[in-house]
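Asker: coords below, sequence missing:
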């Protein structure tokens, strides 16, 4: 991890976040290609999806986790004002009305496929981090730094 990224990680006002990514391989590829994270809920203005993504601040570290696979990458929120809510049928609506809340993330390391994930059991045993039980959960900052370093080594950048 670069010193610049490490500095931002240390100085962010919130703990690193585990973000629950979709389990569809094509969707994961889309998110990495477009430097995004997404969520659904009701896909309406002001719902929980918007609230979650608007809570991120510049410098927040996101660890992407795919249920049934494990950690699939990590990135940094550089500009939280990139939040947007797509309309159903917009060009970026690749899930037919789901996952319309979007936020730009600069992926630092990402698995090419979900099968390359770091399994949840290994993350728990090595770092004491449990898989996210909701869309976005905080993790221990030091464990998060160690995990992102491992993911960087594993995936060699996005």
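Answerer: Looks like it came in fine. Note that the structure is a prediction, hence the values are computed from the model and not measured.
Asker: quick one, strands of this structure?
Answerer: Secondary structure of the chain (DSSP state E): strands at 17-21, 36-39, 61-66, 70-76, 84-85, 101-104, 106-110, 136-138.
Asker: now residue 98: closest residue in space, sequence neighbours ignored.
Answerer: Distances taken as CB to CB, 6 or more residues apart in numbering put residue 40 closest to residue 98, at 4.9 Å, once the chain neighbours are dropped. Every C-beta, even on glycine, is put in place using the N, C-alpha and C of the backbone.
Asker: make that residue 52, sorry
Answerer: By the measure of CB to CB, 6+ apart, the closest residue to residue 52 outside its immediate chain neighbours is residue 136, 5.1 Å from it.
Asker: residue 75 against residue 59, yeah?
Answerer: No - using CB atoms under 8 Å, residue 75 is not in contact with residue 59, being 11.5 Å away.
Asker: extract the residue ranges of this structure that are flagged as low pLDDT.
Answerer: Applying pLDDT under 70 to the chain picks out residues 1-22, 133-134, 157-158.
Asker: just want the most central residue of it.
Answerer: Centrality entry for the chain: nearest residue to the mean C-alpha point is residue 64, 3.7 Å, by CA atoms, centre = their mean.
Asker: who does that one bridge with?
Answerer: Judged by DSSP bridges, the bridge partners of residue 64 are residue 19, residue 73.
Asker: state the distance from the residue nearest to residue 52 to residue 63.
Answerer: As judged by CB to CB, to the nearest Å, residue 136 and residue 63 stand 10 Å apart.
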